[in-house]
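Visitor: What follows is a predicted protein model with its sequence.
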Amino acid sequence: MKTVLVTGANGQLGTSIRCLSGAYNRFQFLFTDVDTLDICKEESVDAFIQTHPVDYILNCAAYTAVDKAEENLELCEQINRDAVANLARAAQKCQAKVIHVSTDYVFDGTSCIPYRETDTTNPQSVYGSTKRAGEEVLQEICPDAVIVRTAWLYSEYGNNFVKTMLRLGAEREEIRVVFDQVGSPTYATDLAIALLSILEQAEQGQYQPGIYHFSDEGVCSWYDFTVKIISLAGLKARVVPIESKDYPTKAVRPHFSVLNKQKIKSSYGLTIPHWEESLRKCMENMNVIKK
């Protein structure tokens, strides 16, 4: 039985992997978060690996508070870059493979064609630049790592856009949401299934390192996404489209976050659901769908 260290296990993605892990009985999963393993401390990572030899490291940990990151550069660098380096060096010592989750924010969002893995990165925020630095340091130390960039993640767990819109939709008569930022909402369970599939195929000798893109199928704006959320929940709030300039934020958001997923689909044989189908599943699990 192969051992998989999962970092950031209390976040949306880590929790989703935990919920699915029982079906993957060829692996022993070690779920950790900052309370059990501080990946920002190299000595802590080394001590953990010595005590718990692992075959794979699945890094779901990240500093993801995009606006707060603008004022917390040092902490953001520690989690999104330096901790990745710590995990990479530990992986080299024990010959483990690293699967790391990154973000669409490594791009500037000025394209009008879905981003491929080979497209030039140009992050416009502290969050994006530190996540890109994490990718670079990982590839330098572990050239055989898998990096999966994703976008617009939501789930039943933690704080996310879907939960925020459900709360606002219940509290307010009107919700104002930007319509000029476009992407693909991604259900954390779908991403978790993809990552676990990569693990399974690695055990079958079909591990293919490199950078990959993953999101759910389909494209929408945050406004469109909100309209669907409110409709499924049967809420009465009116959703009003606004421009990004009417909702200023500390961090620059990419206006176009659509990712080309052909590489991960062909390399790992994945079938990816449409975002509307997955949103309905998530909201059904949350018991907020109006029957």
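Guide: Perfect, thanks for sending it. Numbers count the residues shown, from 1 in each chain.

Visitor: Now the phi/psi pair for residue 146, please.
Guide: For residue 146, the backbone dihedrals are phi -110, psi 130 (criterion: degrees, to the nearest 10).

Visitor: Now do the contacts for the residue nearest to it when sequence neighbours are not counted.
Guide: Leaving aside its chain neighbours, residue 146 sits nearest to residue 99 (4.6 Å; criterion: C-beta to C-beta, 6 or more residues apart in numbering). Just so you know, the C-beta spots here come from the backbone N, C-alpha and C atoms, and that holds for glycine as well. Contacts for residue 99 (C-beta atoms under 8 Å, 6 or more residues apart in numbering) come out as 56-59, 145-146, 148, 195, 198-199.

Visitor: and those, which of them are in helices?
Guide: 195, 198-199 (DSSP state H).

Visitor: quick one: which of these is nearest to residue 222?
Guide: Nearest to residue 222, judged by C-beta to C-beta, of the ones in helices among the contacts of residue 99 is residue 195 at 25.2 Å.

Visitor: Isn't the closest one up against residue 17?
Guide: Yes: assessed by C-beta atoms under 8 Å, residue 195 is found in contact with residue 17 at 6.8 Å.

Visitor: Between the two, point out the one with more neighbours.
Guide: residue 17 (27 against 23; other C-beta atoms under 10 Å).

Visitor: Shouldn't that one be within a strand?
Guide: No: Residue 17 sits outside any strand when classified using DSSP: H, G, I helix; E, B strand; the rest coil, being helix.

Visitor: anything in contact with each of residue 195 and residue 17?
Guide: With contacts defined as C-beta under 8 Å, 6+ apart, the residues shared by residue 195 and residue 17 are residue 58.

Visitor: Can you name the residues that contact the residue positioned nearest the centre of the chain?
Guide: Closest residue to the average C-alpha location of the chain: residue 150 at 5.0 Å, with C-alpha atoms, centre = their mean. Residue 150 makes contact with 101-104, 186, 191, 213-215, 259, according to C-beta under 8 Å, 6+ apart.

Visitor: rerun that using 7 Å as the cut-off
Guide: 101, 103, 186, 191, 214-215 (C-beta atoms under 7 Å, 6 or more residues apart in numbering).

Visitor: Okay, and the beta partners of residue 150?
Guide: When bridges are called by DSSP bridges, residue 150 pairs up with residue 103.

Visitor: coming back round to it: how much distance is there from the helix or strand hosting the residue nearest to residue 146 to the middle of the chain?
Guide: In the assignment (DSSP states H and E), residue 99 maps to strand 97-103. Between the centre of strand 97-103 and the centre of its chain there are 9 Å (C-alpha atoms, centre = their mean, to the nearest Å).

Visitor: Following the chain onward from that strand, which element is next?
Guide: As assigned by DSSP H and E, the chain's next helix or strand after strand 97-103 is helix 126-141.

Visitor: tally of neighbours for residue 240?
Guide: The burial count assigned to residue 240 is 12, neighbours taken as other C-beta under 10 Å.

Visitor: what's the nearest residue to it if we skip its chain neighbours?
Guide: Nearest residue to residue 240, sequence neighbours excluded (C-beta to C-beta, 6+ apart): residue 176, at 4.8 Å.

Visitor: Verify the stated contact: residue 172 with residue 236.
Guide: No: between residue 172 and residue 236 there is no contact under C-beta atoms under 7 Å: 9.8 Å.
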